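> have a look at this prediction, sequence included:
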Amino acid sequence: MKSKIISMEQAAEWVKDGSSLGLGGWIFNSQPMALVRALVRHCAKELTLVPSPGSMAPDLLIGAGRVRKTFCVFISFEQYGLAPHFRRAAENGTIEVTDIDGPGFAGGLRASMGDLPWIPIPDLGTDLPRHAPEQYRPLPTGPGERRLIATMAIKPDVCFIHAQQADELGNVQFLGSPFFDVMLAQASRKVVVSVDRIVSTETIRRSNHLTKLPSALVDAVVHVPFGAHPTASHGVYEADDAQLRAYVKASTKADAFVRWLDNYVHTPTSHAAYLDCMSGAEMSALAVN
């Protein structure tokens with residue numbers, strides 16, 4: 001079997017103008033940040049984002065002007081406030097926002113996994129079919145039957161996921177929760193996974209219960225230590241609160257955000273150069289012992 005390891009730059013080239021892009025992780029955990037920074041430099045535009053409930057990864061792509069539309073459960077910086085670029089773009093109408101809920105998102109992925117146009121989910125009384133009729137449709141039910149709605153299939157052209165380790169054949173292991181990542185991978189046409197470390201296939205076999213994405217579901221692996229920074233990677237490093245706060249602060253003004261992009265995205269054209277922007281003591285403090 002051939003190695004599936006490629007570079008960040010090669011991964012970014014898989015995303016073309018107008019592509020739909022899935023983003024894995026959860027809020028401040030396992031956001032595929034190194035891949036997203038490479039994609040901003042690649043300059044693909046008019047993207048449709050399909051993010052799991054996230055924070056910096058989708059917000060950065062929106063702030064960099066790469067996004068036309070998003071299917072959104074929520075994008076938030078939680079204790080640091082609302083996602084600045086997502087909120088601004090949604091309010092001024094520069095991106096199209098399709099609001100979906102967790103069951104609608106999961107159901108849409110399941111429909112794609114089963115090669116179905118839609119899948120039924122319980123109607124819990126949501127008004128989302130009124131606000132997002134292209135994603136939700138009412139289904140007929142008989143007297144006394146549980147009310148159902150259909151959620152349309154969600155099938156990203158490419159998805160970016162971050163996990164802790166993989167072998168060069170593309171067997172990917174998560175040391176914590178995979179969140180929606182496994183479903184997102186199964187629903188997407190192409191799957192790119194960044195990992196903090198490459199391990200031997202023998203290591204994968206010794207702990208095969210950690211393999212949530214076998215090689216058959218993975219198209220490419222990118223080796224980027226601290227590839228989720230400044231978000232966390234379970235069991236490897238914690239979220240960088242200082243860098244998250246700095247991003248939110250810089251995003252409040254256009255000129256400050258341009259400087260932030262130059263400092264952390266455009267000027268460090270490699271992941272090694274990005275890590276050089278951080279102090280060694282700072283990065284060591286994030287490591288999980």
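Perfect, I can see it now. Numbers count the residues shown, from 1 in each chain.
> quick check: next helix or strand after the lowest-mean-pLDDT helix or strand in the chain?
Lowest mean confidence among the helices and strands of the chain (mean pLDDT, DSSP states H and E): helix 128-131, at a mean of 88. Moving toward the C-terminus from helix 128-131, the next helix or strand (DSSP states H and E) is strand 136-138.
> describe which strands that next one pairs with in its sheet and in which direction.
Strand 136-138 has the following strand partners under DSSP bridges: strand 148-152 (antiparallel).
> tell me the strands beside the following helix or strand past the strand it pairs with, with direction?
Beyond strand 148-152 on the C-terminal side, the first helix or strand identified by DSSP H and E is strand 158-166. Here strand 158-166 has these sheet partners by DSSP bridges: strand 20-23 (parallel), strand 172-173 (antiparallel), strand 190-198 (parallel).
> closest to P117 out of the ones you listed?
With Cβ to Cβ as the criterion, P117 lies closest to strand 20-23 of the strands paired with strand 158-166, at 16.1 Å. In this view, the C-beta of every residue, glycine as well, is placed from N, C-alpha and C.
> ok, residues contacting the closest one?
Residues outside strand 20-23 that contact it (Cβ atoms under 8 Å, 6 or more residues apart in numbering): 15, 31-32, 36, 39, 47-52, 54, 57-58, 61, 155-160, 184, 187-188.
> what's the answer for stretch 95-108, then?
The contact list for stretch 95-108 (Cβ under 8 Å, 6+ apart) reads 52-53, 62, 67-73, 86, 89-90, 119-122, 124, 126, 128, 131-132, 134-136, 151-154, 180, 183, 187.
> show me which of the residues you listed are buried.
Buried members of these, scored by 16 or more other Cβ atoms under 10 Å, are 52-53, 62, 67-68, 70-73, 86, 89-90, 119, 121, 126, 128, 132, 135-136, 151-154, 180, 183, 187.
> circling back to that earlier point, which of the contacts of strand 20-23 fall within helices?
Secondary structure assignment by DSSP state H places V36, L39, A57, P58, L61, L184, A187 of the contacts of strand 20-23 in helices.
> show the buried residues in those.
Here, 16+ other Cβ under 10 Å leaves V36, L39, A57, P58, L61, L184, A187 buried among those.
> can you pull out the helices in this protein?
Using DSSP H, the helices found in the chain span residues 8-13, 33-42, 56-63, 84-92, 102-113, 128-131, 181-187, 201-206, 241-250, 254-261, 271-276, 280-286.
> please identify the deepest-packed of those.
Per-stretch averages of neighbours, counted by mean count of other Cβ atoms under 10 Å, single out helix 56-63 among the helices of the chain, with a mean of 26.
> could you export that one as PDB, CA atoms only?
Output of helix 56-63 as PDB, limited to C-alpha atoms (Å, rounded to 0.1, in the frame of the first residue of the first chain):
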ATOM      1  CA  MET A  56     -11.600  29.800  15.000                       C
ATOM      2  CA  ALA A  57     -11.300  27.500  11.900                       C
ATOM      3  CA  PRO A  58     -14.600  28.700  10.200                       C
ATOM      4  CA  ASP A  59     -14.300  32.200  11.600                       C
ATOM      5  CA  LEU A  60     -10.800  32.700  10.100                       C
ATOM      6  CA  LEU A  61     -11.900  31.500   6.700                       C
ATOM      7  CA  ILE A  62     -14.800  34.000   6.800                       C
ATOM      8  CA  GLY A  63     -12.600  36.800   8.000                       C
END
